[in-house]
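Novice: Sequence and predicted structure below; questions after.
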Amino acid sequence: MARKAAIIGGGVIGGGWAARFLLNGWDVSVFDPDPEAERKIAEVLANARASLPALSDIPMPAEGSLSFAKDIAKAVEGAEYVQESVSERLDLKHRVFAEIQKASRGVPIGSSTSGFKPSELQEGAADPSSIFVAHPFNPVYLLPLVEIVPSSKSGEQCIGNAKEVLREIGMFPLHIRKEIDAHIADRFLEAVWREALWLVKDGIATTEEIDEAIRMGFGLRWGQMGLFETYRVAGGEAGMKHFMAQFGPALKWPWTKLTDVPDFTEELVDLIAGQSDAQSGNYTIRELERIRDSNLIGFLRALKERNWGAGRVLREHDERRRVAFHDEGRTGEGAPLVMAQMQVLPGWIDYNGHMTESRYLFATSETSDAFLRLIGADLDYVAGGHSYYTAETHIMHLGEARLGDRLTGTLQVLYADEKRMHVFIRILRGEEAVASVEQILLHVDMKAGKTCPAAPEVLGRLLPVAEAHKSLPRPDAAGRHVGQRK
Ligand SMILES: NC(=O)C1=CN([C@@H]2O[C@H](COP(=O)(O)OP(=O)(O)OC[C@H]3O[C@@H](n4cnc5c(N)ncnc54)[C@H](O)[C@@H]3O)[C@@H](O)[C@H]2O)C=CC1
Ligand SMILES: C[N+](C)(C)CC(=O)CC(=O)[O-]
């Protein structure tokens, strides 16, 4: 049975949490008195379904079920984890915690609060030890960071369990050791926002110019190296000390307004809202969300390739799920093995408006690479000097894959021996095959540059699969060559 999370407050952030839990296989019960909550969450969920799976290199678990509860007590019934995401008002959050704890004592309650300290959230609670800050970042279903802030009253076991749950849904829990208003990340965001407000108010830059200054330059740097690592590099060979000596004094020059905040007069609000409308008003919010999401996917995938920063979290999440998915001894008895799930992304579409041909080969190697990992011919094996090389590939295009389609790669072993592996891959959209691919792979000694028998532990996994697949019907297309008549 799927595990259950309760989401209290289903706005921008609650909707993102619901999507992240659901797509990672959890059942989710939402309570939000807003009559529009169901519609809003459905829209966030649609965006999440179109983006999150594209970060994963192994099949996503079956989506959990979503329900809307009539009150908090019903929502938290049987929940293993509760995430509070109601509006940012302390009195409201206190009332919500009281209701949760009346119905379910001891369950971990993470609060999405952007600024309140956990000790403030815990005031007057029946059980302060199970309330803590779990501050996420928008879009919650794509960005891994969640700031976990306990107070001295928080239970160690509760925080440990909560971090484990959050890791399971692919997040990066950053444990903040000392509680502080606005935690770590929002202090930066506020500081940058304050400076930006001054620049607009003083007529120095428009909202668009400020956004260009970020996204064309240092925003890209921060996304992959953060602040200190970026500055370390900027210190050149002389390093961080040199960087500090050179640029430290500037902090005391009048470069910044520091903590001075401009008054939110009607004039300033109109100025900023007007410039923002002129800059992006031709897009709806949902369109902007989709643009943001597909940019983030590309960026995160690049980081994943390099196993760097947020990309490392994605790899670790895949690895945890791979262990669960490819449980020991799985041979694919009675059916081809489901090896990969993919999503057709904007950059995969060609001038004919469907998935471009090179992506069929990409989908094939995603599938066969996953199989190689399953049988132990993984990156460690390759580092040891042995690998499988593809000797021949025949792709048959059977249907058109379109933008946003979810594709599944399955693999059937037609034949295998010490050195050879003959496989049949299907790229499926739902039940329909959009392509079938026949491949022969050879096991090689990479240093010698010639074929050789695979290691016994690899054969120990490959041959039982080949044996199990002997009972499967041989695909009609197996053995066909290009242009051949039936
Ligand atoms: N929007 C953002 O960028 C971020 C917001 N947060 C935090 O997340 C929390 C929620 O913020 P948003 O989602 O942006 O606000 P929002 O206004 O989009 O959603 C708040 C939701 O709470 C619901 N609500 C109000 N009273 C309720 C009650 N008694 N029980 C259940 N639901 C109730 C409202 O109907 C609304 O749907 C806040 O604490 C905020 O600081 C955290 C990270 C980012
Ligand atoms: C604006 N905000 C303070 C609510 C932002 C956050 O808390 C985090 C984010 O997603 O930027």
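Specialist: Yep, that arrived. Numbers count the residues shown, from 1 in each chain. Ligands and ions are numbered 1, 2, ... in the order given.
Novice: So which residues on the protein come close to ligand 1?
Specialist: Contact residues, the chain versus ligand 1 (C-beta under 6 Å from any ligand atom): 8-14, 31-34, 37, 85-88, 92, 96, 112-114, 135-136, 138. Every C-beta, even on glycine, is put in place using the N, C-alpha and C of the backbone.
Novice: In space, what's closest to residue 241 - neighbours in sequence excluded?
Specialist: What sits nearest to residue 241 in space, not counting adjacent residues and going by C-beta to C-beta, 6 or more residues apart in numbering, is residue 235, at 7.5 Å.
Novice: wait, the one you found sits on residue 245?
Specialist: No - between residue 235 and residue 245 there is no contact under C-beta atoms under 8 Å: 9.2 Å.
Novice: how many neighbours does the residue nearest to residue 241 have?
Specialist: Residues lying near residue 235 (other C-beta atoms under 10 Å) number 16.
Novice: That one and residue 188: what is the separation?
Specialist: Going from residue 235 to residue 188 by C-beta to C-beta, to the nearest Å gives 21 Å.
Novice: got it, and residue 335?
Specialist: Remark: distance between residue 335 and residue 188 (C-beta to C-beta) = 50 Å.
Novice: which residue does the stretch 101-250 of the chain bring closest to ligand 2?
Specialist: Here the residue of the stretch 101-250 of the chain nearest ligand 2 is residue 114; by C-beta to the nearest ligand atom that distance is 3.3 Å.
Novice: got a list of what the closest residue to that residue other than its chain neighbours touches?
Specialist: Spatial nearest neighbour of residue 114, chain neighbours left out: residue 186 (5.3 Å); criterion: C-beta to C-beta, 6+ apart. Residue 186 is in contact with 114-115, 135, counting by C-beta atoms under 8 Å, 6 or more residues apart in numbering.
Novice: Tell me if I am right that residue 186 is in a strand.
Specialist: No - checked against DSSP: H, G, I helix; E, B strand; the rest coil, residue 186 lies outside a strand; its state is helix.
Novice: can you pull the pLDDT of it?
Specialist: Residue 186 carries a pLDDT value of 91.
Novice: Give me the neighbour count for residue 211.
Specialist: The tally of other residues near residue 211 (other C-beta under 10 Å) stands at 16.
Novice: With ligand 1 as the reference, measure out to it.
Specialist: 17 Å (C-beta to the nearest ligand atom, to the nearest Å).
Novice: what about burial for the residues of the chain next to ligand 1, which qualify?
Specialist: Neighbour counting with 16 or more other C-beta atoms under 10 Å marks 8-14, 31-32, 37, 85-86, 96, 112-114, 135-136 as buried within the residues of the chain next to ligand 1.
Novice: On the three-state scheme, the nearest residue to residue 421 once chain neighbours are set aside is what?
Specialist: Excluding the flanking residues, the one nearest residue 421 by C-beta to C-beta, 6+ apart is residue 441, at 4.5 Å. For residue 441, the assignment made with three-state DSSP gives strand.
Novice: got the contact list for residue 441?
Specialist: Contacts of residue 441 (C-beta under 8 Å, 6+ apart): 368, 388-391, 420-421, 423.
Novice: Nearest spatial neighbour of the residue of the stretch 1-150 of the chain found nearest ligand 1, chain-adjacent residues omitted?
Specialist: Nearest residue of the stretch 1-150 of the chain to ligand 1 (C-beta to the nearest ligand atom) works out as residue 11 at 1.8 Å. Excluding its sequence neighbours, the residue lying closest to residue 11 (C-beta to C-beta, 6+ apart) is residue 85, at 6.7 Å.
Novice: What separation is there between the one you found and residue 31?
Specialist: Noted for residue 85: a distance of 11 Å to residue 31, by C-beta to C-beta.
Novice: what do those two both touch?
Specialist: What both residue 85 and residue 31 touch, as defined by C-beta under 8 Å, 6+ apart, is the set 7-10.
Novice: Could you export those residues as JSON lines, including pLDDT and secondary structure?
Specialist: Below are these laid out as JSON lines (pLDDT from 0 to 100; DSSP: H, G, I helix; E, B strand; the rest coil):
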{"residue": "7", "pLDDT": "98", "secondary structure": "strand"}
{"residue": "8", "pLDDT": "98", "secondary structure": "strand"}
{"residue": "9", "pLDDT": "98", "secondary structure": "coil"}
{"residue": "10", "pLDDT": "97", "secondary structure": "coil"}
